[in-house]
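Enquirer: Below are the sequence and a predicted model for it; my questions follow.
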Amino acid sequence: MKILVAEDDPVTREAIAACLAAEGFRVIEASNGNEALAHWQDESPDLLCLDIMMPGMDGYEVCRRVRASGDRTPILFLSAKNEEIDIVVGLELGADDFVRKPFGRHELLARVRTALRRSIPPETSRVRPSFAMGPLTVFPKELRAERDGETIELTPREVAILTLLHERRGEAVDRDTLLDRCWGIDYFPESRTLDQHIAKLRKKLGDDPADPRVLETVRGVGYRFP
């Protein structure tokens with residue numbers, strides 16, 4: 001999934017981009033409103049994160065133009081402007097949420113996932129494309145899984161890992177294939193990146209590494225959905 005981040009402060013923009021990229025989102029960066037509008041037209045992102053005070057064209061105007069075109073792509077305002085009137089103006093222009101600066105990475109990711117989930121058309125939500133992995137039911141488009149009636153929030157990268165292992169169920173998927181498919185062929189992670197993600201995902205899914213039903217380690221090769 002692609003997320004456009006429009007923020008004129010380079011330190012803040014890079015921090016937001018790094019946070020989103022670490023979770024598997026593809027990030028498109030813009031330093032002002034004019035760039036943001038151009039990227040929206042050219043790249044068709046799945047979500048827009050807009051600062052309000054930007055040179056040239058502010059975030060409010062970007063939002064107004066996107067909505068005037070009939071586009072319903074989710075929009076989040078990320079702003080230090082946090083008076084009630086600022087929030088009301090943003091929401092009335094058609095934004096989906098307003099995140100006050102400073103914010104933590106967990107809050108940002110939660111609001112991003114919520115906005116993306118809300119953007120799924122009702123007919124898609126009713127069909128709920130999904131697949132089963134042992135005790136899990138995975139809903140890729142909704143970035144979540146269910147186990148014993150409980151919802152487990154997932155990142156795009158975690159969904160990619162599960163999807164690949166499900167596609168090749170019963171087969172041992174080597175580490176290079178997992179990294180290429182789930183991180184990108186141009187990404188060069190640290191040697192422990194994949195193992196750390198798998199360990200975190202196992203904990204999140206409640207999958208016992210001593211008796212795995214979803215993520216089985218194949219020593220010297222990679223991982224397998226048994």
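Expert: That came through fine.
Enquirer: C-terminal to the host helix or strand of Thr137, what's the next element?
Expert: Assignment of secondary structure by DSSP states H and E places Thr137 within strand 136-139. Next along the chain after strand 136-139, taking DSSP H and E as the criterion, comes strand 144-147.
Enquirer: quick one: strands adjacent to that next one?
Expert: Taking DSSP bridges as the criterion, strand 144-147 forms sheet pairs with strand 136-139 (antiparallel), strand 150-153 (antiparallel).
Enquirer: which one of those is the most hemmed in?
Expert: For the strands paired with strand 144-147, the largest average neighbour count (mean count of other CB atoms under 10 Å) is found in strand 136-139, namely a mean of 20. To be clear about C-beta, it is placed using only N, CA and C from the backbone, and glycine gets the same treatment.
Enquirer: where does this protein dip in pLDDT?
Expert: In the predicted model, the chain carries pLDDT under 70 at residues 120-128, 184-191.
Enquirer: Try it again at 50.
Expert: 122-127 (pLDDT under 50).
Enquirer: now the helices for it?
Expert: In the chain, the helices defined using DSSP state H lie at 10-22, 33-43, 59-68, 84-92, 105-118, 122-127, 156-167, 175-183, 193-205.
Enquirer: quick one on the thing from earlier: give me the contact list for the strand holding Thr137.
Expert: 128-132, 144-147, 152, 154, 159, 162-163, 166, 205, 214 (CB atoms under 8 Å, 6 or more residues apart in numbering).
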